[in-house]
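Peer 1: Next input, structure requested:
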Amino acid sequence: MAREDVPPRWDRTMQQCLARGETAALCELYDRFASLVHGLAHRVLGDEHAADGITREVFVHVWEHPDSYDPRQGPLRTWVATLTHRLAVQRLRTTETAARALEGSGSAEELEQRVRSAAVAARADYIVQSMPAPLRSALERAYFQRRDYRQTATDLGITQDEARRRLRLGLQLLSTAHDTQAPGAPPGYGGAA
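Peer 2: Below you'll find the model as predicted:
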């Protein structure tokens, strides 16, 4: 019954509530996505204060322009992540260009490389946060705790084959973080996903 081109009910309801100016909807959206927004902005900018500013900008934009969300392009979560990514990259380009002009150093190519690296890192973070918990927990054990697939299987109470499958699938999803996208394209919104 559920069609792929129809956004989830919560997304549609949230958009309608925001369009009506219901502050409770903004509060709920903030509660659900603030850590995602702040984390992505911080990953791109590498600055807590700047990430706080981007977080405010994102939610102000959502409040003032709820109709700019196009359900055909993906879930509301992805739209918010896209908006965050776009604003953070704009801020990074602006601040880096200004700093470069003051110092008289660095090239446009170096700036673009930093922006691309930050975008890949933000996309990887988004992918990890969005993947199902079983995949994420297997990857976290393998990467952060340096556990092999046998130890991961024991830790999670699953078979070794299942542990290998989860790790392989998680790594395949993460490998898409390096997919090329149009400049300024968000992590997974209307582009490579």
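
Peer 1: Domain map for the chain?
Peer 2: Per automatic domain parsing, the structural domains of the chain span 9-130, 132-180.

Peer 1: how about those domains in CSV, adding mean pLDDT?
Peer 2: Shown next, in CSV, are the domains of the chain (pLDDT from 0 to 100):
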stretch, mean pLDDT
domain 9-130, 84
domain 132-180, 86
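
Peer 1: okay, these in a markdown table with mean neighbour count next?
Peer 2: Just so you know, the C-beta spots here come from the backbone N, C-alpha and C atoms, and that holds for glycine as well. What follows is the domains of the chain, written out as a markdown table (neighbours: other CB atoms under 10 Å):
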| stretch | mean neighbour count |
| --- | --- |
| domain 9-130 | 17 |
| domain 132-180 | 15 |
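
Peer 1: residue contacts, Glu57?
Peer 2: Leu87 (CB atoms under 8 Å, 6 or more residues apart in numbering).

Peer 1: Which strand or helix spans it?
Peer 2: Per DSSP states H and E: Glu57 is located in helix 48-64.

Peer 1: Could you identify the helix or strand that succeeds that helix?
Peer 2: As assigned by DSSP H and E, the chain's next helix or strand after helix 48-64 is helix 76-103.

Peer 1: Now do that next one: distance to the chain's middle.
Peer 2: From the chain centre to the centre of helix 76-103 is a distance of 14 Å (CA atoms, centre = their mean, to the nearest Å).

Peer 1: what's the angle from that helix to helix 48-64?
Peer 2: Helix 76-103 runs at 130 degrees relative to helix 48-64, counting by axes from the mean of the first three to the mean of the last three CA atoms, to 10 degrees.
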